[in-house]
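Participant: Provided below are the primary sequence and the corresponding predicted coordinates.
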Amino acid sequence: MFSGNRGLLYLLPAAVFVVLCGFLLRGLSLDPALVPTALIDKAVPHFDLAPLDSHSAPLASADLSGEVTLVNVFASWCGPCRIEHPLLMEIAEMDNINLYGINYKDDPAIARDWLTELGDPFTRIGADRDGRVAIELGVYGVPETFLIDREGRVRYKHVGPISEEVWSRELLPLIRNLRE
Amino acid sequence: MISEIGHIALILSLTIALVQGIAPMIGAARRDGQLMAIGKTAALLQFFFISIAFLALMNAYVTSDFSLANVAQNSHSAKPMLYKIAGVWGNHEGSLLLWVLILATFGAAVVFFGGNLPPTLCARVLAVQAFIAVGFLSFTLFTSNPFERLFPVPLDGNGLNPLLQDPGLAFHPPFLYLGYVGFSIAFSFAIAALIEGRVDAAWARWVRPWTLVAWSFLTIGIALGSWWAYYELGWGGWWFWDPVENASFMPWLAGTALLHSAIVCEKRDALKAWTILLAIVTFSLSLLGTFLVRSGVLTSVHAFATDPARGVFILAFLVVVVGGSLALFAIRAPQLKSGGLFSPVSREGGLVLNNLLLTSAAATVLLGTLYPLFVDALGIGKISVGPPYFNTVFIPLMTPLVVLAGIAPVLTWKRADLYGVFLRMKFVAILTLLVVAWCLYETWGGTFLGTLGIGLSAWVGIGVLVDMGARVGLFRDPIRVSFSKAMRTPRSIYGMNVAHIGLAFLVAGITASSAWRTEVLRVVQIGETVSVSGYEFVFHGVEKIQGPNYSGERGHFSVNRDTRDAIQLFPENRFYPVQQQPTTEAAIYTGWRGDLYAVLGEPDAQGGWSARLYFNPLVSWIWLGSLVMALGGVISLSDRRHRVGAPHRIMSGKANNRVATNV
């Protein structure tokens, strides 16, 4: 007597699976590391972040013009950030590249310990404790890196850790271009 | 030459798998004994040929034959032998070959141990198993051939990622795959049963040992992976809710649910459709994990080199296998008659609740893992789901589960006497409260979640001990009587209790290491002493070291103890020139109370070194607990009813659950 309803109930797992497959298929054509940000070639949204702690300078959108700048979104709880970090340290030592950090949903004390341990490549670090600025910037996950030109426009965004390859093939040529 | 033999053997096993998939299926439908018998021969042949292919690839790795593209990309002549062998499965192509080898091993095992299966069921199980093999073998041959040659032949190889050159990780994939692939047997049994149209106690009894085997292996596999992350990544953590970790955790949760629901199916002839569904879902989650890890849909630290073409192939395979089986389920399952009724307060009721919690947990992990993908695909925006999400949703789900595990042994089948349960648990509750009080006193001012976890752990642990005591009449009967009662208690009871003790250890380890970990990060000078939760670390300096395929620095710390020799800790920083990659080797001293964990950082200009020193309380209990859980699975496996009881189907009466044609 329940056959109608029960039949539907047994169909449920298959139906859920069909929906899931739709997403997976869509997912195949999306590259999680390549996020075409809506912000490309647009001005960085307005934000004003408090410094991570007394050892760092604050970060606001106003700081992002005048010189070519890299903004790296990081967190101490993020595994790939550790992998990326040595490269950021190298980048920090290069001439006239501004490297700023946004510390995403993190405990400032732990983030500071993390930077003490691995080195602090950032000249400014804004603490985005509730993740509001990350939403404004369309941050997909940590780590993520934005390249911003002299006029304060977003020119490139890399999702995931920057590798040597990404640095030498994508970011560095772009930075050189923007300088000219 | 040997590699070509391997390649041909792999092609041969694909054709054999095709035969094995079709012939017994037709044979079973026609009740043709000869056609059905082909399945057994084919399963053994398939195992034989895939073994040859696997050994051929292993030979190429051991002899450093860089004319194979796969070897050149993933091995190096100056690599220790263990990692040359482990290198076989340290990459996408080789790990797929390991996957099909294990699949074929399980197929052959069904032939060996399935003598008591009805011929049609056995034939269908082998056929379903073969279809899975066809999928994976063609995936291997057409998109990821490990035997591809490379010309010109390079002088040396690229080497294996140094992070993976580690004994823990060398054995992690085989155990993990034995678990993943082991669930394929439960899956094949479920599909065969749906095709046959009957699920009964005998079916559940046949499925259970295979599920136990797979579950025990998967438990060990996940534990090895997390142990590796703990000591090799040098971050002091042991679980990161990374998509790849989640991919192995979801089948484990579903498999644990299956393990429990199969008991109800076997003993009470109830929850049949649900058990079948769980068997399908568990293996589907294993396949989904494979898809996620190899398709590049999600970013992960440990993902294999990914390729969208591979992703399309696995997704198509997923659609056929999972979609097909769920469709079959939707057609056939409503016709399965359910058996024994039970009241909500009963062992069945408890197991149903256990299943609901475990499947909710699996769904939660699935949602958290795929959420970034859902949101991205819908174009809503970009979000990230990190450990905060998982920790928030997991604690409320796991707390009632662990409480339930403590009560489980005293619940009786069909209807439990609630008052009796209270009486039996009174003693356990009092002891647990004492532990909680002691814990609060010791850690006053700390986190209450920690105390909650320790209380839960004590509840399960004490519950098990009290139950075992009551079963054998300890302190009530004379020792001799107790002893003979203990001898007569079924192994499955021991298995359950040992696994639950493992759970108690696991919960205690997770809780203590998360709630009361101490981390000190500082620049140390030679001779300086650093205090970490009462342990005095003395720094003695750093020396240069040279390994077989790396160079580096080794620091030296010692920790003095009152009564025994001082603990010596030698954390290393290694640099592997072939891959241009540094690794951190944490120095760990494991004790009962916790681990002392030291990581060497970078030198500073004044001759000091930065160092991270941890005290991780009870952290090794996590892996001890996992091992004990797996041991519980093995003990349960040795239960008499799996060894002798060739279960016979009752062909008439109530237990006959043939599909009624006109429901």
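Facilitator: Perfect, thanks for sending it.
Participant: quick check: longest strand of chain B.
Facilitator: As assigned by DSSP state E, the longest strand anywhere in chain B is strand B:535-546.
Participant: buried residues in that strand?
Facilitator: B:535, B:537-539, B:542 (16 or more other CB atoms under 10 Å in any protein chain shown). For the C-beta atoms, the positions are set from N, CA and C on the backbone; glycine is no exception.
Participant: quick one: those residues as TSV, columns for pLDDT and distance to chain A too.
Facilitator: Listed next are those as TSV, based on pLDDT from 0 to 100; distance: CB to the nearest CB, whole Å:
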residue	pLDDT	distance to chain A
B:Y535	88	19
B:F537	91	16
B:V538	91	20
B:F539	92	16
B:V542	90	16
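Participant: okay, and the most centrally placed residue in chain B sits in which element?
Facilitator: Compute the mean C-alpha point of chain B, and by CA atoms, centre = their mean the closest residue is B:L218, 2.4 Å away. Using DSSP states H and E, B:L218 sits within helix B:201-232.
Participant: what of B:G509?
Facilitator: Going by DSSP H and E, B:G509 is in helix B:491-515.
Participant: run the angle between the following helix or strand past that helix and strand B:535-546 for me.
Facilitator: Per DSSP H and E, the first helix or strand lying C-terminal to helix B:491-515 is strand B:518-524. Angle, strand B:518-524 to strand B:535-546, by axes from the mean of the first three to the mean of the last three CA atoms, to 10 degrees: 60 degrees.
Participant: quick one on the thing from earlier: which residues are in contact with the longest strand of chain B?
Facilitator: B:524-531, B:551-560, B:569, B:572, B:596, B:598, B:600, B:603, B:609, B:611, B:613, B:615 (CB atoms under 8 Å, 6 or more residues apart in numbering or on different chains).
Participant: which of those fall within helices?
Facilitator: Among the contacts of strand B:535-546, DSSP state H puts none in helices.
Participant: residue in the stretch 101-250 of chain B nearest to chain A?
Facilitator: B:F240 (5.6 Å; CB to the nearest CB).
Participant: so how many other residues sit close to the closest residue to that residue other than its chain neighbours?
Facilitator: Closest residue to B:F240 in three dimensions, ignoring its sequence neighbours and counting by CB to CB, 6 or more residues apart in numbering or on different chains: A:G79, at 5.6 Å. Neighbourhood size, A:G79 [other CB atoms under 10 Å in any protein chain shown]: 20.
Participant: can you check the one 10 residues further on too?
Facilitator: A:M89 sits with 15 neighbouring residues when counted by other CB under 10 Å.
Participant: can I assume it sits in a helix?
Facilitator: Yes: counting by DSSP: H, G, I helix; E, B strand; the rest coil, A:M89 is part of a helix.
Participant: pull out the buried residues from stretch B:560-570.
Facilitator: B:567, B:569-570.
Participant: how about that stretch as CSV, C-alpha atoms only?
Facilitator: Output of stretch B:560-570 as CSV, limited to C-alpha atoms (Å, rounded to 0.1, in the frame of the first residue of the first chain):
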residue,chain,number,x,y,z
ASN,B,560,66.7,15.2,31.4
ARG,B,561,64.6,12.9,33.5
ASP,B,562,64.9,12.2,37.2
THR,B,563,65.2,8.5,37.2
ARG,B,564,66.3,7.3,33.8
ASP,B,565,68.7,8.4,31.1
ALA,B,566,68.1,11.7,29.3
ILE,B,567,66.0,11.6,26.2
GLN,B,568,68.0,12.6,23.1
LEU,B,569,66.3,14.3,20.2
PHE,B,570,67.9,14.8,16.8
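Participant: what about the stretch 501-650 of chain B, any weak spots by pLDDT?
Facilitator: The stretch 501-650 of chain B contains residues with pLDDT under 70 at B:580, B:642-650.
Participant: if we go to 50?
Facilitator: Residue ranges of the stretch 501-650 of chain B with pLDDT under 50: B:644-647, B:650.
Participant: could you do chain B as well?
Facilitator: Checking chain B against pLDDT under 50 turns up B:301-305, B:644-647, B:650-663.
Participant: could you report the neighbour count for residue 97?
Facilitator: Here I'm looking at chain A. A:I97: 17 surrounding residues under other CB under 10 Å.
Participant: to clarify, I was referring to chain B.
Facilitator: 29.
Participant: so it makes contact with B:P146?
Facilitator: Yes: taking contacts as CB atoms under 8 Å, B:L97 lies within contact range of B:P146: 5.5 Å.
Participant: centre of the chain to stretch B:419-437, how far?
Facilitator: Distance of stretch B:419-437 from its chain centroid, counting by CA atoms, centre = their mean, to the nearest Å, is 32 Å.
Participant: sorry, back to before: who does the helix holding B:G509 touch, helix- and strand-wise?
Facilitator: Counting contacts by 3 or more CB pairs under 8 Å, 6 or more residues apart in numbering or on different chains; DSSP states H and E, helix B:491-515 packs against helix B:387-407, helix B:448-472, strand B:609-617, helix B:620-637.
Participant: at 10 Å instead, please
Facilitator: Judged by 3 or more CB pairs under 10 Å, 6 or more residues apart in numbering or on different chains; DSSP states H and E, helix B:491-515 is in contact with helix B:201-232, helix B:243-268, helix B:387-407, helix B:448-472, strand B:594-603, strand B:609-617, helix B:620-637, helix B:640-643.
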